[in-house]
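Participant: Provided below are the primary sequence and the corresponding predicted coordinates.
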Amino acid sequence: MNFFPIIGIVLLLPTWLFAQQPRIPEGWSDGYAYANGIRIHYYRAAPQPDKPVLVMVHGVTDNGLCWTTLALNLQGMYDIYMLDARGHGLSDPFMAGDDGETLIKDVVAFVGAMEFHNPILMGHSMGAATVMRLGADYPDIARAVIMLDPLLGRIGGQNRPTRNNSKPNTDVSSKSAPTKPKIAVNMFGNPEALVTQNNYSFEDLIALGRRQNPLWGEMDIAYWALSKKQYHGPYTSEAAEAMTGTMNIGNALSRIQVPAIILKADASAEVRKANEDAAAAMPKGKLVHIDGGGHNLHHDQLERTTAVIKEFLSAL
């Protein structure tokens, strides 16, 4: 029997599996809720109606499916909902009049529209700032707050998170095809530039994701690529200010009265000390640095991130 064709097929499987835009995992579903004046799109992991509700809020340029690998590790214990934030994924775009409170109010309204009672809130990056501020400003909503690598301080400060392993907003070209146009994935820019990102081929985005994120699994890269094709904002300076305004956390940490945890990326001793000092303001909180993890620590170090979150949740 000739095994070489079989071996070739096996080696090609990762490329074949993600040559097209990925579907949601088996047993998952999606839907819309009308909340805070827009349609908010969400994904639901395998239903667990008798388990506590966990609402997950992603970071800038991502979508709800960017939580998939972490959600798969948690779905047996929680009824998990993953939002597409305003201007992201399949949710409605930013609107005139949006401000630094809008994304927080979106999640508050979503929880109300879905009739959730004291859900656990989890967020990453901008989403971490969102659930942090929600926990501070709406103390009766959340049962607990989990924050993955939020900005701890003012935007532009030393602890500002970066994306894609400290390579934000960088043009990356393929060495194997130097004549191809350079592609870049950016959070902000003029509308034409942002729409250009939506037109990148899925295959080019997959290749970019693999180059920039060598620690990620194929599923993480596939959903990351999909999120970049879906990202649709901000197209105005006002919308950009609404997004950046979300991350101005002020004294929010000191006002979260429920159990809370911050997971931060690996960092120098000096930065770790600054993070620990900021987190000390939480009355019922703790901070854990994820060794070897960058800003997207739930992709870089999935198993360690899962273990820390499970330990925190088990104590609720």
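Facilitator: Okay, I see it. What you are looking at is a predicted structure, and each value in this text was computed from that prediction instead of being measured.
Participant: Please list the outside residues in contact with stretch 103-122.
Facilitator: 33-36, 38, 40, 42, 52-57, 78, 81, 83, 85-86, 126, 130-131, 133-135, 137-138, 141-148, 242-243, 246, 309, 313, 316 (CB atoms under 8 Å, 6 or more residues apart in numbering). (C-beta placed from N, C-alpha, C; glycine too.)
Participant: buried ones in it?
Facilitator: 103-111, 114, 116, 119-122 (16 or more other CB atoms under 10 Å).
Participant: So which of the contacts of stretch 103-122 sit within helices?
Facilitator: Secondary structure from DSSP state H places 126, 130-131, 133-135, 137, 242-243, 246, 309, 313 of the contacts of stretch 103-122 in helices.
Participant: Mark which of the residues you listed are buried, thanks.
Facilitator: In the ones in helices among the contacts of stretch 103-122, the ones that pass as buried (16+ other CB under 10 Å) are 126, 130-131, 133-135, 242-243, 246, 309, 313.
Participant: where along the stretch 101-250 of the chain do the strands fall?
Facilitator: 120-124, 144-148 (DSSP state E, counting those that start in this stretch).
Participant: follow-up on the earlier one: can you list the buried ones among the ones in helices among the contacts of stretch 103-122 in JSON lines and add distance to residue 284 and pLDDT?
Facilitator: Supplementary listing: these in JSON lines, determined by distance: CB to CB, whole Å; pLDDT from 0 to 100:
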{"residue": "126", "distance to residue 284": "23", "pLDDT": "98"}
{"residue": "130", "distance to residue 284": "19", "pLDDT": "98"}
{"residue": "131", "distance to residue 284": "15", "pLDDT": "99"}
{"residue": "133", "distance to residue 284": "17", "pLDDT": "98"}
{"residue": "134", "distance to residue 284": "16", "pLDDT": "99"}
{"residue": "135", "distance to residue 284": "10", "pLDDT": "99"}
{"residue": "242", "distance to residue 284": "30", "pLDDT": "92"}
{"residue": "243", "distance to residue 284": "28", "pLDDT": "94"}
{"residue": "246", "distance to residue 284": "23", "pLDDT": "95"}
{"residue": "309", "distance to residue 284": "16", "pLDDT": "99"}
{"residue": "313", "distance to residue 284": "14", "pLDDT": "98"}
